[in-house]
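In: got a structure for you, letters missing:
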């Protein structure tokens with residue numbers, strides 16, 4: 001009789017190239033059994049061909065078009081009902097053999113935790129800005145945009161010393177989310193109206209609203225080659241990111257801020273997108 005692995009790993013791929021194979025291989029090297037689901041959003045590169053040597057060890061779902069992150073990840077939820085935990089992992093992330101077993105151990109000791117994250121490192125060893133964070137409320141976003149960090153705390157926490165033990169936190173990196181299945185069933189799946197980016201922030205708000213804590217575990221580390229999947233379409237990705245942020249603000253903060261302040265922040269989001277898009281165009285034409 002085959003025993004269902006405690007953890008199912010869900011990897012949504014879009015043009016991750018050779019990193020997809022490296023990511024899946026790092027998961028397969030885990031020191032506990034796992035089920036691996038790769039959901040491909042109509043990639044146009046050779047990432048799936050490079051998976052051929054290990055294709056029989058994973059479950060591959062091929063979408064005929066790019067559904068976006070949340071819809072693609074949610075596709076396999078019905079097939080993972082027997083898993084105690086789910087790991088949502090970006091295809092440009094590399095984990096270690098004991099990464100998943102460490103997550104399981106900490107989550108087993110903290111039954112009220114709905115999800116957990118870890119230290120997310122850049123390839124050069126530095127900690128990524130999104131590794132640990134507070135929810136980017138409109139006020140905290142203003143602090144970040146106007147560089148008022150010396151006077152107020154923004155939503156980024158990576159300027160603080162790493163804790164020595166797991167702590168409760170408002171937000172982790174969406175590149176590596178370790179989720180308790182029964183908590184997901186209560187909270188619900190990721191909101192599919194976000195195409196790319198901010199569905200993780202939405203989820204953090206909803207988990208905490210259902211009284212599930214989010215843990216940051218400092219003795220677990222992974223490496224994230226950020227931006228690999230979006231390198232060919234940076235402006236489109238920025239569009240989805242800024243549109244997602246506007247949706248996030250309207251969904252959770254519209255009634256909590258004065259009208260003028262709230263819409264001022266929304267205007268700033270779009271102005272920032274225009275600025276980023278212009279810089280990307282100039283960079284492309286250099």
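Out: Arrived safely. This structure is a prediction, so every number in the text was calculated from the model and none was measured.
In: lowest average confidence, helix or strand, in the protein?
Out: The helix or strand of the chain with the poorest confidence is helix 138-145; it has a mean of 73 (mean pLDDT, DSSP states H and E).
In: Helices of the stretch 151-286 of the chain, start to end?
Out: 181-187, 199-209, 234-252, 259-285 (DSSP state H, counting those that start in this stretch).
In: helices and strands around the shortest one, which ones?
Out: Spelled out, that is helix 181-187. Where contact means 3 or more Cβ pairs under 8 Å, 6 or more residues apart in numbering; DSSP states H and E, helix 181-187 is packed against strand 85-89, strand 113-121, helix 199-209. All C-beta atoms are positioned from the backbone trio N, CA, C, and that covers glycine.
In: Give the next helix or strand downstream of the first one.
Out: What that stands for is strand 85-89. Sequence-wise, the next helix or strand downstream of strand 85-89 (DSSP states H and E) is strand 93-94.
In: avg pLDDT for that next one?
Out: Average pLDDT, strand 93-94: 98.
In: which parts of the least confident helix or strand of the chain are buried?
Out: Taking 16 or more other Cβ atoms under 10 Å as the basis for neighbour counts, the residues of helix 138-145 that come out buried are 138, 140, 141, 142, 143.
In: For those, give me TSV that also has distance to residue 245.
Out: Compiled in TSV, these are given as follows (distance: Cβ to Cβ, whole Å):
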residue	distance to residue 245
138	10
140	12
141	8
142	13
143	15
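In: and of these, the nearest to residue 208?
Out: Nearest to residue 208, judged by Cβ to Cβ, of the buried residues of helix 138-145 is residue 140 at 15.6 Å.
In: Quick check: nearest residue in space to that closest one, chain neighbours excluded?
Out: Across the structure, with Cβ to Cβ, 6 or more residues apart in numbering as the measure, the residue nearest residue 140 apart from its sequence neighbours is residue 155 (4.2 Å).
In: pLDDT score assigned to the one you found?
Out: At residue 155, the predicted lDDT confidence score is 73.
In: can you check residue 146 too?
Out: Model confidence at residue 146, given as pLDDT, is 66.
In: Also residue 5?
Out: Residue 5 is assigned a pLDDT of 86 by the prediction.
In: Could you do residue 275 as well?
Out: According to the prediction, residue 275 has pLDDT 86.
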